[in-house]
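Asker: Predicted model and sequence follow; I will ask about them next.
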Amino acid sequence: MDLQLTTYSESATADRPWLASRHGLDTPLTITLDTTLFTQDTHYTPPAPGQPRNVMRAGIPLGRLTATGLYGPWDAAATDGRAAFTGVLLTDVAFAPGSGRAGAALLWHGVIAAAHVPGGLDPAAITASTAQIHFV
């Protein structure tokens with residue numbers, strides 16, 4: 001029998017057209033997302049052949065739930081704490097279907113091109129914020 005070692009590696013380049021500067025990339029916060037608050041096809045793509053997980057797109061505006069400390073999609077009309085803009089999801093996040101939580105990175109300090117945020121973002125709609133984000 002002849003055994004041969006096979007090595008496999010995969011890499012991906014992040015697509016973040018909303019990121020207007022590298023400023024703040026060295027200081028993201030580690031957070032936990034409440035995945036039950038996000039909507040399929042709006043915030044994440046479902047599993048597909050070759051990709052067994054849901055994938056949440058980087059750049060989603062986030063807010064923090066007061067009761068749990070978890071993060072969900074920012075909503076100016078929310079009464080659960082998410083009305084305060086806390087930043088944006090820094091990287092794509094893969095999570096298992098049916099899981100209620102996922103680890104992520106929060107960009108809370110930096111420069112963002114609001115017109116390129118997934119789903120759009122009107123900075124004038126942000127009336128409360130804990131983030132230090134400059135919009136261009």
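Answerer: On my side now, so go ahead.

Asker: Could you list the low-confidence segments of the chain?
Answerer: Applying pLDDT under 70 to the chain picks out residues 1-3, 6-13.

Asker: What sits closest to the residue nearest the centre of it if chain neighbours are left out?
Answerer: For the chain, the residue whose C-alpha lies nearest the mean C-alpha position (C-alpha atoms, centre = their mean) is L89; its distance is 2.5 Å. Nearest-residue entry for L89: I60, 4.5 Å, with adjacent residues in sequence omitted and distances by C-beta to C-beta, 6 or more residues apart in numbering. Bear in mind the C-beta positions are built from the backbone N, C-alpha and C, glycine included.

Asker: Pull the contacting residues for I133.
Answerer: Taking C-beta atoms under 8 Å, 6 or more residues apart in numbering, we find I133 in contact with F85, G87, V88, L107, W108, H109, G110, V111, I112.

Asker: ok, which stretches of the chain are strands?
Answerer: Listed in chain order, the strands of the chain (DSSP state E) span residues 29-34, 44-45, 54-56, 61-64, 71-73, 85-89, 93-95, 101-107, 109-112, 132-135.
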